[in-house]
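J.: After the sequence you'll find the predicted model.
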Amino acid sequence: MVTATHIEEVREKKRAALLSVASAVLLVSLKTFLVLRTGSLGVLSEALHSSLDLIAAIITLVSVRLADQPADERHLYGHGKFENFSAFVETGLLALTALYIIYEAVARLFFRSVHIQPSVTAILVLLVALSIDFTRARALARVAKKYSSDALEADALHFSTDVWSTIIVILGIGLVWAGEAWNMPWLNYADALAGLAVAAVILWVGARLGKRTLDALLDVAPLGLQQEIARSVAGMDGVLDVDRVRVRRAGNRHFVDATVSVARTASLEQVHALSDAIEKRIGEIVPSDVMVHAEPRAPQGEHLFEAIRAAAQRMGVAIHDLTAVQQDGQLFVELHLEVDENLSLREAHRQASELEEKIRELRGDPVEVNIHIEPLGRHIATPDAGIGEMKQLSRSIEGFINGLPAEFDELVNCHDVRARQVEHHIFVSCHCTMKSTLPITQVHDVTAVLEDRVKEKFPQIYRVTIHPEPFEEK
């Protein structure tokens, strides 16, 4: 989705690239004029440097326009690599410039002499060029840093080298002029030496830029970013371990793949929520496109019940009412297994036996397992025609339960009792308010006894479901 922020980013980057092209055209024109006026190698090297800067600026403009295009069916990760490739090409252009300057400087130092005509005009024009270089380099560097643009940064580096090289050329012309004025002919070599200094600056900056762009093209992870992401994700709740983090960069975008270990009993919704949280956390470290892969693992010191639930999940079956008793060195495990209501006893028993075997494998000592098999509810029933809700029975049950608080200290009151006859069975549901400080185990025991008492009192009832609610004392 294209946002207003993205549109502004594209507009600002294109504006900076266009201004760079315009500045390069002006500088090439000025320095070509000076070469014709002075014959200086330093100025010639600067003119050549600026000519390649113009080519580089045009390449930058094209690459910025291409890199900001959205992903398509052939470029699934977007077009950001165009910026990295553009910066790499510009590095090559810088190297060619430096090699030519070195060749010409060596020739003038040892094999031929060239008469240089320094002048105030040359110095003034170079000072104008210097101010243009400095202004453009700062503007490009600001936009490049703001949007992490390799192409604009390469262009900014070009102009920053122009700043230093122009200063060196001015110094070289000044020394040649001083040699003529003070009759020091050996100072004529200052121009060629200035050219060599310019070449050295270009090679040094170009080598740094080349390494960075080559790293981006070869998907070298930014230094320390992988470790920072791994440490941050490992400290999040729900993450047992960070197995792997991979980072790659395309233009000003990062792509992060993270593989994490999570508890094997976590539900799909929990894992999805955790993945979203991880993506958000990584996005706070570096703006990126994040892919999270979760691996199920047994947490260190995992409880037996969690291991049993994990075994049931792997089988694709549901269990509840899981209990265990340790007696005389023997462990007794009991649970309810929910199976498809359309299964036969033979098929259901096979699933129960398979689960029993998996539970025994979890323990080194003998385990006795007893599994109650019940149908997994899928059928939505409808009340019997002409009967529906049984209001008189509901009032009788409510009065009966509200007469039991003297017997059950935990019970406060009973309300919202509803009795229905569904498919020739009577189902009762109600809400019971109990003391809010009671442990849930005690509440479960009380509701189970209350359900039995209701069925004893009203034997026609098939099932009773009690919803416990806390009583907040005023």
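T.: Received the coordinates, thanks.
J.: Any buried residues in the strand or helix carrying H336, and which?
T.: Assigned by DSSP states H and E, H336 belongs to strand 330-340. Residues 331, 333, 335, 337-339 are the ones in strand 330-340 that count as buried (16 or more other CB atoms under 10 Å). Bear in mind the C-beta positions are built from the backbone N, C-alpha and C, glycine included.
J.: What are the contacting residues of the helix or strand just after that strand?
T.: As assigned by DSSP H and E, the chain's next helix or strand after strand 330-340 is helix 345-361. Here helix 345-361 makes contact (CB atoms under 8 Å, 6 or more residues apart in numbering) with 308, 311-312, 315, 317, 319, 333, 337, 339, 343, 367, 369, 371, 373.
J.: C432: which of those residues is nearest?
T.: The nearest member of the contacts of helix 345-361 to C432, counting by CB to CB, is I319 at 26.0 Å.
J.: What degree of burial does the closest one show, as a neighbour count?
T.: Neighbour count for I319, taken as other CB atoms under 10 Å: 19.
J.: Got the confidence number for it?
T.: pLDDT recorded at I319 is 90.
J.: go on, the one 4 residues further on?
T.: The score at T323 is 88. That number is its pLDDT.
J.: same question, I168
T.: We have a pLDDT of 67 for I168.
J.: L18 now?
T.: With respect to pLDDT, L18 scores 70.
J.: where's it relative to S353, distance?
T.: Distance check for L18 against S353: by CB to CB, to the nearest Å, it reads 76 Å.
J.: And for Q421, the neighbour number?
T.: Around Q421 there are 19 residues (other CB under 10 Å).
J.: would you list every one of the strands in the stretch 101-250 of the chain?
T.: 241-250 (DSSP state E, counting those that start in this stretch).
J.: What segments of it are helices?
T.: For the stretch 101-250 of the chain, applying DSSP state H, counting those that start in this stretch gives helices covering 120-147, 150-181, 189-217, 225-234.
J.: Which of those helices comes out lowest on mean pLDDT?
T.: Taking the mean pLDDT of the helices of the stretch 101-250 of the chain, helix 150-181 comes last: a mean of 65.
J.: pLDDT weak spots in the stretch 351-474 of the chain?
T.: Flagging of the stretch 351-474 of the chain using pLDDT under 70 yields the residue ranges 364, 378-381, 383-389, 473-474.
J.: how near is V106 to T97?
T.: Taken as CB to CB, the span from V106 to T97 is 15 Å.
J.: Let me know how buried the closest residue to I466 other than its chain neighbours is, in neighbour terms.
T.: Closest residue to I466 apart from its sequence neighbours, by CB to CB, 6 or more residues apart in numbering: T447 at 4.4 Å. Close neighbours of T447, defined as other CB under 10 Å, add up to 19.
J.: and T447, which of the three is it?
T.: Classification of T447 using DSSP: H, G, I helix; E, B strand; the rest coil returns helix.
J.: That one against P468, yeah?
T.: Yes. If you go by CB atoms under 8 Å, T447 and P468 touch, sitting 5.8 Å apart.
J.: Domain parsing of this protein, as residue ranges.
T.: 4-217, 225-297, 304-376, 391-471 (automatic domain parsing).
J.: circling back to that earlier point, can you tell me which helices and strands the strand holding H336 packs against?
T.: Counting contacts by 3 or more CB pairs under 8 Å, 6 or more residues apart in numbering; DSSP states H and E, strand 330-340 packs against helix 304-315, strand 318-327, helix 345-361, strand 367-376.
J.: would CSV of the ones you listed with distance to H424 be doable?
T.: Listed next are the helices and strands packed on strand 330-340 as CSV, based on distance: least, CB to CB, whole Å:
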stretch, distance to H424
helix 304-315, 33
strand 318-327, 26
helix 345-361, 23
strand 367-376, 17
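J.: between those, which one is nearest to F400?
T.: So among the helices and strands packed on strand 330-340, strand 318-327 is nearest, using CB to CB, at 26.2 Å.
J.: For A141, grab the count of nearby residues.
T.: Residues lying near A141 (other CB under 10 Å) number 18.
J.: so what's the residue nearest to V464 when sequence neighbours are not counted up against?
T.: Nearest residue to V464 in three dimensions, chain neighbours excluded: E451, at 4.2 Å (CB to CB, 6+ apart). Going by CB under 8 Å, 6+ apart, E451 touches 464-466.
J.: Would you mind listing the buried residues in stretch 363-375?
T.: 367, 369, 371.
J.: doesn't L331 make contact with the second one?
T.: No. With the criterion set as CB under 8 Å, V369 and L331 do not qualify as a contacting pair; they are 9.1 Å apart.
J.: can you count the residues close to E284?
T.: 8.
J.: How about the one 5 residues further on?
T.: Neighbour count for D289, taken as other CB under 10 Å: 17.
J.: Confirm it sits in a strand?
T.: Yes. Judged by three-state DSSP, D289 forms part of a strand.
J.: which non-adjacent residue is nearest I308?
T.: I308 sits nearest to I359 (CB to CB, 6+ apart), 5.6 Å away.
J.: how much space is there between the one you found and R314?
T.: 12 Å.
J.: Settle it for me: which of these two has more neighbours?
T.: For I359 versus R314, neighbours defined as other CB under 10 Å are more numerous around I359 (22 against 11).
J.: Adding distance to I101, write the buried residues of stretch 363-375 out as a markdown table.
T.: Listed next are the buried residues of stretch 363-375 as a markdown table, based on distance: CB to CB, whole Å:
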| residue | distance to I101 |
| --- | --- |
| V367 | 83 |
| V369 | 85 |
| I371 | 86 |
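J.: V245 reaches F255, doesn't it?
T.: No. With contacts counted by CB under 8 Å, V245 stays clear of F255, the gap being 11.6 Å.
J.: Of these two, which one has the most company?
T.: Counted by other CB under 10 Å, V245 and F255 do not tie: V245 has more neighbours, with 22 against 17.
J.: Model confidence at that one, what's the number?
T.: 91.
J.: next one: the one 3 residues further on
T.: According to the per-residue confidence, R248 scores 79 in pLDDT.
J.: What is the neighbour count of it?
T.: The tally of other residues near R248 (other CB under 10 Å) stands at 18.
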